[in-house]
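# Any chance you could fold what I've pasted below:
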Amino acid sequence: MSALLHASVRRHEQPAVDPVTGEVRIPLPLYAVDDHQGDIELVLSRKDALPILDALLRATGPRLEAVS
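Modelled structure (predicted):
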């Protein structure tokens, strides 16, 4: 069944950046086909996140919120 699982970016939920570590957390709902299975966070280092962060922000909302 795991082959049928997928995650989808929520349009109005923004990634969060830890201002100290630079860690980026992206909230994602997890689905089995169209049945919501729960929520997960994609956690990336700043180095890994920078190349894709702009595209994710365009997909999820207008601005990035820093969390402490």
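
# mind listing what residue 36 touches?
Contact analysis of residue 36 by Cβ atoms under 8 Å, 6 or more residues apart in numbering lists 29-30. (Glycine included, C-beta is placed from N, CA and C.)

# Just the buried positions in the helix or strand hosting it, please.
Taking DSSP states H and E as the definition, one finds residue 36 inside strand 35-44. Neighbour-count burial for strand 35-44, counted by 16 or more other Cβ atoms under 10 Å, picks out residue 44.

# Mind exporting the C-alpha coordinates of the next helix-or-strand element following that strand to CSV?
Moving toward the C-terminus from strand 35-44, the first helix or strand encountered (DSSP H and E) is helix 46-60. Output for helix 46-60, consisting of C-alpha atoms alone and laid out as CSV, is shown next (Å, rounded to 0.1, in the frame of the first residue of the first chain):
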residue,chain,number,x,y,z
ARG,A,46,19.2,25.3,5.0
LYS,A,47,21.7,24.1,2.3
ASP,A,48,19.3,21.5,1.0
ALA,A,49,16.2,23.8,1.2
LEU,A,50,17.5,26.9,-0.5
PRO,A,51,17.4,25.5,-4.1
ILE,A,52,13.7,24.6,-3.7
LEU,A,53,12.4,27.0,-1.1
ASP,A,54,11.4,29.8,-3.6
ALA,A,55,9.2,27.3,-5.5
LEU,A,56,7.6,26.0,-2.3
LEU,A,57,6.8,29.5,-1.1
ARG,A,58,5.2,30.4,-4.4
ALA,A,59,3.1,27.2,-4.1
THR,A,60,2.1,27.7,-0.4
